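Engineer: build me a model from this:
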Amino acid sequence: GRGRIIAQPDSTDEVFVGEAFGSLSIMPIGELAFRYDTFDRNFFVLLDRSSSMFERIEGGDVKIDVAKEVLVELIDGLPEGSIFSVRTFGGSCETELVSPATVASRRSLREAVLAIQPSGLTPIAEALEATQQDVQAVQGRHLVLLISDGIETCAGNPVAAAQDLVGLGYDLMIHVVGFD
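Structural biologist: You can find the predicted model right below:
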């Protein structure tokens, strides 16, 4: 079914909620785990590559290294023929489409993810806005997985950008994974 955007009771931010797809959890030692219930979605990963991703989490691991490790595990678990896209955001308030939404080889996806290096600010809204074009290029159900450790630092409005993305009318879900 389609999701909707609702306001949290004690917050001015809005949250997208919808049908369950899988489960996402942060383990006590700082590891991130993603488990699938179904594989019938196209994956659009938005990865924060701002300089704060060089910081360490409890346990001593570097945030970007944990994120890369989890993404490689996610890629390795994809069934053949899965459509997967990776977009990063950081630098001078910019995004980069590292791997477009296509049936890419696991090897090329792994190499692309492992080559990501953090720098700069955190343009979350810009990444969500750019994802509008990404999802329009592919038919079917979409899962947008946004991974970040910070807040918007480039004067964008991530809530409005998420609303616009959902407002396109596609069958999509947005999961947000936050460090800290």
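Engineer: quickly find the element holding the spatially most central residue of the chain.
Structural biologist: Residue closest to the mean C-alpha point of the chain, counted by C-alpha atoms, centre = their mean, is L146 at 2.3 Å. Using DSSP states H and E, L146 maps to strand 142-148.
Engineer: quick revisit: for the residue nearest to the centre of the chain, list each beta-bridge partner.
Structural biologist: For L146, the beta-bridge partners are L46, V176 (DSSP bridges).
Engineer: quick one: contacts for it?
Structural biologist: L146 sits next to 46, 124, 127-128, 174-177 when contact means C-beta atoms under 8 Å, 6 or more residues apart in numbering. All C-beta atoms are positioned from the backbone trio N, CA, C, and that covers glycine.
Engineer: of those residues, which is the nearest to S108?
Structural biologist: L46 (18.7 Å; C-beta to C-beta).
Engineer: would you confirm that that closest one contacts V144?
Structural biologist: Yes: counting by C-beta atoms under 8 Å, L46 touches V144, with 6.6 Å between them.
Engineer: list residues touching both of those two?
Structural biologist: 128, 131.
Engineer: more crowded one of the two?
Structural biologist: More neighbours surround V144 than the other of L46 and V144, with 26 against 23 (other C-beta atoms under 10 Å).
Engineer: quick one, what contacts the more buried one?
Structural biologist: Counted by C-beta under 8 Å, 6+ apart, V144 has contacts 44, 46, 128, 131, 135, 165, 172-175.
Engineer: would JSON lines of these with secondary structure be doable?
Structural biologist: Formatted as JSON lines, the contacts of V144 follow (DSSP: H, G, I helix; E, B strand; the rest coil):
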{"residue": "F44", "secondary structure": "strand"}
{"residue": "L46", "secondary structure": "strand"}
{"residue": "L128", "secondary structure": "helix"}
{"residue": "T131", "secondary structure": "helix"}
{"residue": "V135", "secondary structure": "helix"}
{"residue": "L165", "secondary structure": "helix"}
{"residue": "L172", "secondary structure": "strand"}
{"residue": "M173", "secondary structure": "strand"}
{"residue": "I174", "secondary structure": "strand"}
{"residue": "H175", "secondary structure": "strand"}
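Engineer: all set, thanks.
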